[in-house]
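Q: What would the 3D arrangement of this be:
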Amino acid sequence: MSGTKDKVKGMANEAVGNIKQGVGKATDNDRLRAEGKAQELKGEAQQTVGKVKDAVKKP
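A: Numbering: from 1, shown residues only. Sure thing, here's the model as predicted:
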């Protein structure tokens, strides 16, 4: 997978995670809030992987 694809997937996961956290807070649902935080962190990690891949590709 290219670095760009990783970064895009990471941004999507981070956005969905933030939405889940917001819904979890609004509905006082701790499980949903925790899922959202986990997904946000996964997205951040995916973005980092994409940045590293792009950096390695550059001459």
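
Q: Now do the same contact list for the residue most central in space within the chain.
A: Centroid-nearest residue in the chain: G43, 1.5 Å away (criterion: C-alpha atoms, centre = their mean). Residues near G43 by C-beta atoms under 8 Å, 6 or more residues apart in numbering: K9, G10, M11, A12, N13, E14, A15, V16, G17. Quick note: C-beta positions are derived from backbone N, CA and C, even for glycine.

Q: what's the answer for I19, then?
A: G36.

Q: Then the one 3 residues further on?
A: The neighbourhood of G22, defined by C-beta under 8 Å, 6+ apart, consists of G36.

Q: next one: K51
A: G3, K7.

Q: Quick one: mean pLDDT for the lengthiest helix in the chain?
A: Longest helix in the chain by number of residues (criterion: DSSP state H): helix 30-57. For helix 30-57, mean pLDDT is 95.

Q: tell me how far it is from the chain's mean position?
A: 4 Å (C-alpha atoms, centre = their mean, to the nearest Å).

Q: Buried ones in that helix, by neighbour count?
A: 32-33, 35-36, 39-40, 42-43, 46-47, 49-50, 53 (16 or more other C-beta atoms under 10 Å).

Q: Take these and write them to TSV, including distance to G3.
A: Formatted as TSV, the buried residues of helix 30-57 follow (distance: C-beta to C-beta, whole Å):
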residue	distance to G3
L32	31
R33	30
E35	27
G36	25
Q39	20
E40	20
K42	17
G43	15
Q46	10
Q47	10
V49	8
G50	4
K53	3
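
Q: which among those residues gets closest to K25?
A: Closest to K25 out of the buried residues of helix 30-57 is R33 (6.1 Å), distances taken as C-beta to C-beta.
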